[in-house]
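Novice: make a model of this:
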Amino acid sequence: MSRVIRQIPLDTDTQHHAHDFHQIVIALEGSADFNIEGLGGSIESFSGCIVPANHLHYYTGTGNNRQLILDLPPDALALTGHHHELARLFDAPRFFTLDGSLRLYLEFLTAELALLDERNGRGDIDEERLATTLLGALHSRLTPGEISTGSHRRIDLHSLDRYIDDHLSSQLKVADLAAVACLSETRFTERFRMQTGLSPWQYVMRRRLEASRQLLQRSHLPLSEIAALTGFSHQSALSRAWRRAYGHPPSQLRRPDNTAIACGQASANVTLQS
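Specialist: Numbering: from 1, shown residues only. Below is the predicted model:
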């Protein structure tokens, strides 16, 4: 990566990849669609998405678009040392909208980058400074501190499970799950994490993996069809999720010697909650 902060248009043809660094994408002009390992959504002016490292994501720009992109390796200055708590932003993919204060900061950030380019050019420290301030503001809004849940109605997980299972092959959005719980997306995400210890994406991913495991054990369907039925964009996305959660590819479950599955499944619970 040559820069921490870039401003570029996204291709209007669907592209996909994964990379070993975290990424934040914020729409400056136009819009774009993202699917981050089964979590789908759109971004437009003053909204964005978080793409954790090593997460396969599909993206498509719409028309004349311009995106602000932050590329952050796990050992970036903005995520280590005194700022290590900011790494929690990348626990799971998510979509967000900038409030009024953050919109003003985004305008300042882009103006500051232009000013630095006009003068002697920007250095890594300049970009790290601007990125750290943005990450800190996002962190304070997207990862609120623990609060008492005694006065809050609990989310009906049984109803939510039914909805997820009925739409498992579809592109699920957090907004869809929030609507089932009759909550705003922000309130739902906060309450869901407090109730389950997981982000909505982590919870959906767990159900996708469990459904794929059941199909692998009880059917002879090809992996590509199992991937489609359980909401993975491609067979490679299914295999990637299995390796990250269980430590082996899904095809191993169909081998004669599959005794490692129990241990792998137990470790997946830890992986998905980290």
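Novice: C-alpha only now, for contacts and for neighbours.
Specialist: Noted.
Novice: who are the contact partners of the residue nearest in space to the middle of the chain?
Specialist: Nearest to the centroid of the C-alpha atoms of the chain, with distances taken as C-alpha atoms, centre = their mean, sits Pro93, at 1.0 Å. By C-alpha atoms under 8 Å, 6 or more residues apart in numbering, the contact list for Pro93 reads Ile36, Leu39, Cys49, Ile50, Val51, Pro52, Trp201.
Novice: inside helices: which ones of these?
Specialist: Trp201 (DSSP state H).
Novice: tell me which element the closest residue to Gly231 other than its chain neighbours falls in.
Specialist: Distances taken as C-alpha to C-alpha, 6 or more residues apart in numbering place Ser169 nearest to Gly231, at 4.0 Å, with adjacent residues excluded. Under the criterion DSSP states H and E, no helix or strand holds Ser169.
Novice: just checking, Ser169 touches His234?
Specialist: No - using C-alpha atoms under 8 Å, Ser169 makes no contact with His234, being 11.6 Å away.
Novice: what's the domain layout of the chain?
Specialist: 5-142, 157-273 (automatic domain parsing).
Novice: mean confidence score for the longest one?
Specialist: Put plainly, it is domain 5-142. Averaged over domain 5-142, pLDDT sits at 91.
Novice: run the chain-centre distance for it.
Specialist: 12 Å (C-alpha atoms, centre = their mean, to the nearest Å).
Novice: distance between the ends of it?
Specialist: 21 Å (C-alpha to C-alpha, to the nearest Å).
Novice: what helix or strand does Glu112 sit in?
Specialist: Going by DSSP H and E, Glu112 is part of helix 100-118.
Novice: for the following helix or strand past that helix, packing partners?
Specialist: For helix 100-118, the following helix or strand on the C-terminal side (DSSP H and E) is helix 124-142. Packing partners of helix 124-142 (3 or more C-alpha pairs under 8 Å, 6 or more residues apart in numbering; DSSP states H and E): helix 100-118.
Novice: buried residues in the helix it packs on?
Specialist: Across helix 100-118, burial judged by 16 or more other C-alpha atoms under 10 Å covers Tyr105, Leu106, Leu109, Thr110, Glu112, Leu113.
Novice: and for stretch 241-249?
Specialist: Neighbour-count burial for stretch 241-249 [16+ other C-alpha under 10 Å]: Ala241, Trp242, Arg244, Ala245, Tyr246, Gly247, His248, Pro249.
Novice: what does stretch 114-134 give?
Specialist: Arg122, Glu127, Glu128, Leu130, Ala131, Thr132, Leu134.
Novice: against Glu225, how distant is Arg94?
Specialist: For Arg94, the distance to Glu225 - C-alpha to C-alpha - is 26 Å.
Novice: of the two, who's got more company?
Specialist: Arg94 (24 against 13; other C-alpha atoms under 10 Å).
Novice: what's the distance between the more buried one and Ser224?
Specialist: From Arg94 to Ser224 the distance is 26 Å (C-alpha to C-alpha).
Novice: right, and Leu135 touches Leu86 too?
Specialist: Yes - between Leu135 and Leu86 there is a contact under C-alpha under 8 Å: 6.6 Å.
Novice: overlap in contacts, the two.
Specialist: Common neighbours of Leu135 and Leu86 (C-alpha under 8 Å, 6+ apart) are Ala78.
Novice: any idea of the angle the helix holding Glu112 forms with helix 124-142?
Specialist: 170 degrees (axes from the mean of the first three to the mean of the last three C-alpha atoms, to 10 degrees).
Novice: for helix 100-118, list the C-alpha coordinates in PDB.
Specialist: Taking C-alpha atoms only, helix 100-118 is exported to PDB below (Å, rounded to 0.1, in the frame of the first residue of the first chain):
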ATOM      1  CA  GLY A 100     -23.200  16.100  11.200                       C
ATOM      2  CA  SER A 101     -20.000  16.400  13.100                       C
ATOM      3  CA  LEU A 102     -18.300  13.600  11.100                       C
ATOM      4  CA  ARG A 103     -19.500  15.200   7.900                       C
ATOM      5  CA  LEU A 104     -17.700  18.400   8.900                       C
ATOM      6  CA  TYR A 105     -14.600  16.400   9.700                       C
ATOM      7  CA  LEU A 106     -14.700  14.600   6.400                       C
ATOM      8  CA  GLU A 107     -14.800  18.000   4.600                       C
ATOM      9  CA  PHE A 108     -11.900  19.100   6.700                       C
ATOM     10  CA  LEU A 109      -9.900  15.900   6.000                       C
ATOM     11  CA  THR A 110     -10.400  16.100   2.200                       C
ATOM     12  CA  ALA A 111      -9.500  19.800   2.300                       C
ATOM     13  CA  GLU A 112      -6.400  19.100   4.400                       C
ATOM     14  CA  LEU A 113      -5.200  16.400   2.000                       C
ATOM     15  CA  ALA A 114      -5.600  18.800  -0.900                       C
ATOM     16  CA  LEU A 115      -3.600  21.500   0.900                       C
ATOM     17  CA  LEU A 116      -0.800  19.000   1.800                       C
ATOM     18  CA  ASP A 117      -0.700  17.900  -1.900                       C
ATOM     19  CA  GLU A 118      -0.400  21.600  -3.000                       C
END
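Novice: nice, that's everything, thank you.
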